[in-house]
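Peer 1: Provide a 3D model corresponding to the input given below.
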Amino acid sequence: MNKLKLFFVFLVLIFSFLDLKAHQISQSFSNWTVENGNIMAVFSVASRQVTLLPVLDGYSNNLSEQLSSHLKKNIRVFINEKSCDLDPDIPIKVTDDNSLKSLLKFNCSETKGIMRIENNSFFSASAGHIHFARIRIGSNDWQETIFTSTQREANFSLSSGKNQRSSLQIFFDYIKLGFEHILSGYDHLAFLMALLLITVRIKKVLLIVTGFTVGHSITLALAALGLIQPSTIAIEALIGFTILLVASESLILDDKNQNSFTIGSVGFLSILFILSILFSGVISPLTWLGLIIFTYSYSMLVRTRNDAEYYNPGLTLVFGLIHGFGFASVLLDLGLPKDKTVTALLGFNLGVELGQILVVILAIVILYMLRKSSLIKYKDYLFNITAIILIALGTFWFVGRAFGLQ
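Peer 2: Below you'll find the predicted structure:
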C-alpha cells in the first residue's frame, strides 16, 4: 500500500502541470448586430486556438494578424444571396483572459429579405470546433445559433429577426452539443468511472445512472433557464470533490479499518476549511462545513461494498445535482434560443445522456473482456491503480479549483 501512496503523490505532481479546466472544447463566440444594411460582429476566441491557424494560412507576424487574416477568408455574409462587403481593417484586441476579440464590419446593399452567415473559421484546424453566435436584427430579440464543421451556415429573416432553422434542426444541433460536451468533460467521465469501480452489476449500474440522470437533469434545467445562478468556479471545485469521495470509497471498501478513512477524510477537509478562511477560496465557509458533515455521515453509513451499492443511487442523485450545474455552464455561455428554449434544452440533455450511456457501455465491455482474459488475476491491482489515478485527479481538481491555483 505504501507504493500506492507514493504513486498517488507522483500523480498529483504530474497533474499539477495540467490545466485545471477539464473541458477543453475547441470553441469561439460572436455577437452580431444588424441595422439597415450595416452589420457588426464581435468575434472572440482563445489565443491557444489561434496558434492552430499557421498550418492552414501560413505564419503571420503575431496572433492578432493571424486571426485577422483567417477571418477575412472565412467569414462571409449574404443578403438575398448578394455578398456584403467586409471592411478590410479588422481591429483586434487582446483581453485579460488570454483571448482575442475581433470587430468585423460588413456593408450590404440589401436591407430586406434573408440574411445568410457563412462561417468556415477554425473548422479545418479542429473538426470538433464549435462556434456560438448571438444575432440581433434591428429591435428584434437576440437569437442564438451554433456553427459546427457540418453546419457552417445560418439564415435569418431581416423582418422578424428569427433563425430560419426548424425546431427539429435545432433539436439535433443541441443533441450533438450535449454529446460532445460530456465526452470532452473529463471530470464528468472520471466520476462515472469511479462509480463503476464500486459495482458493474447491470441492475446496480442502471440504478446509479438513473440517479445521476435525474439529479443533473433537474439542475441543468434550473440553471439553463436562469432560475438558479450558482458560482461556476465553486461548482467545478465540487465536481472534483465528488470524484475524490467516490474513488476513495471504492479503494477502501474492502479494507477492514474503515475508521481510518473517516478520520482521514474529515481531517483533510477540515484543513482545507481552515486554509480557505486564511487565504480565501471560492467555496464558502458554510459549504465547507456542509462537506465535512456530509463526508462524516456518509462514511459512517457506508461500511461495506453492499452498503455502497445500496446507497449509491441516492449518492449519485445528490452528486448529479452538482454535475448538472457543470453541464449548464455551456448553455449559460451560449444562451438558449428564446423561441425554442425547451427544444434546445431537451436536445442538450438527451445528448448528455447518449454520451453517458456510450461511456458506461464501453466500460462494461472492457471489464467483461478483462474478466475473460489472462489479466483477470491482476484485477484487484488494476482496480486499485485506477482508483488511485481517479483520487489523484479528484484531489487536483478539487483543491486546485477551490483555491484558484491556476
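Peer 1: ok, residues contacting stretch 159-170?
Peer 2: Identification of contacts with stretch 159-170 by C-beta atoms under 8 Å, 6 or more residues apart in numbering yields 112, 114, 135-138, 140-141, 143-145, 154-157, 173, 337, 339-340, 343-344, 347. For glycine as for every other residue, the C-beta is placed from the backbone atoms N, C-alpha and C.
Peer 1: quick one, what contacts residue 33?
Peer 2: Contacts of residue 33 by C-beta under 8 Å, 6+ apart are 39, 40, 41, 135, 136.
Peer 1: Over to it. Which of the three states is it?
Peer 2: Following DSSP: H, G, I helix; E, B strand; the rest coil, residue 33 is assigned to strand.
Peer 1: do you know how far it is from residue 84?
Peer 2: As judged by C-beta to C-beta, to the nearest Å, residue 33 and residue 84 stand 14 Å apart.
Peer 1: so what sits against both of these two?
Peer 2: Common neighbours of residue 33 and residue 84, using C-beta under 8 Å, 6+ apart, are residue 39.
Peer 1: Among the contacts of residue 33, the buried ones, what's the PyMOL command?
Peer 2: Here is the PyMOL command that selects the buried residues among the contacts of residue 33 (16 or more other C-beta atoms under 10 Å):
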select buried, resi 39+41+135+136
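Peer 1: Helices of the stretch 301-406 of the chain, start to end?
Peer 2: 305-334, 341-372, 379-402 (DSSP state H, counting those that start in this stretch).
Peer 1: Please render these as CSV that adds distance to residue 260, mean pLDDT and mean neighbour count to the earlier fields.
Peer 2: Shown next, in CSV, are these (distance: least, C-beta to C-beta, whole Å; pLDDT from 0 to 100; neighbours: other C-beta atoms under 10 Å):
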stretch, distance to residue 260, mean pLDDT, mean neighbour count
helix 305-334, 17, 84, 20
helix 341-372, 28, 85, 17
helix 379-402, 15, 85, 20
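Peer 1: give me the low-pLDDT residue ranges for this protein?
Peer 2: 1-25, 94-97, 254-258, 333-335, 371, 374-378, 405-406 (pLDDT under 70).
Peer 1: Excluding covalently adjacent residues, which one is nearest to the residue located most distally from the centre of it?
Peer 2: Here the chain reaches farthest from its C-alpha mean at residue 109, the gap being 41.0 Å by C-alpha atoms, centre = their mean. Leaving aside its chain neighbours, residue 109 sits nearest to residue 82 (6.3 Å; criterion: C-beta to C-beta, 6 or more residues apart in numbering).
Peer 1: Quick check: the one you found touching residue 113?
Peer 2: No. Using C-beta atoms under 8 Å, residue 82 is not in contact with residue 113, being 9.1 Å away.
Peer 1: When those two are compared, which one has more neighbours?
Peer 2: Using other C-beta atoms under 10 Å, the more surrounded residue of residue 82 and residue 113 is residue 113, with 14 against 11.
Peer 1: quick revisit: so which of the helices of the stretch 301-406 of the chain gets nearest residue 282?
Peer 2: Of all these, helix 379-402 sits nearest to residue 282, with 6.0 Å by C-beta to C-beta.
Peer 1: which helices and strands does the closest one pack with?
Peer 2: helix 2-15, helix 186-198, helix 232-252, helix 259-279, helix 341-372 (3 or more C-beta pairs under 8 Å, 6 or more residues apart in numbering; DSSP states H and E).
Peer 1: Just give the number of residues close to residue 137.
Peer 2: If we define neighbours as other C-beta under 10 Å, then residue 137 has 21 of them.
Peer 1: Can you tell me how far it is from residue 386?
Peer 2: 52 Å.
Peer 1: Also residue 341?
Peer 2: Distance, residue 341 to residue 386, by C-beta to C-beta: 40 Å.
Peer 1: can you check residue 77 too?
Peer 2: According to C-beta to C-beta, residue 77 and residue 386 sit 50 Å apart.
Peer 1: What of residue 316?
Peer 2: Per C-beta to C-beta, residue 316 is found 18 Å from residue 386.
Peer 1: can you check residue 365 too?
Peer 2: According to C-beta to C-beta, residue 365 and residue 386 sit 16 Å apart.
Peer 1: SS state for the residue farthest from the centre of the chain?
Peer 2: coil.
Peer 1: Could I get the contacting residues of it?
Peer 2: With contacts defined as C-beta under 8 Å, 6+ apart, residue 109 is in contact with 37, 79, 82, 84.
Peer 1: hmm, try it at 10 Å
Peer 2: For residue 109, the contacting residues are 37, 79, 80, 82, 83, 84, 85, by C-beta atoms under 10 Å, 6 or more residues apart in numbering.
Peer 1: Now do the helices in the stretch 51-200 of the chain.
Peer 2: Using DSSP H, counting those that start in this stretch, helices in the stretch 51-200 of the chain cover 54-57, 63-74, 167-184, 186-198.
Peer 1: tell me the contacts of the closest residue to residue 77 other than its chain neighbours?
Peer 2: Among residues not flanking residue 77 along the chain, residue 84 sits closest, at 4.3 Å (C-beta to C-beta, 6+ apart). Going by C-beta under 10 Å, 6+ apart, residue 84 touches 37-39, 76-78, 105-110, 115-117.
Peer 1: filter those to the buried ones?
Peer 2: Buried, going by 16+ other C-beta under 10 Å: 39, 76, 77, 78, 105, 106, 108, 115, 116, 117, out of the contacts of residue 84.
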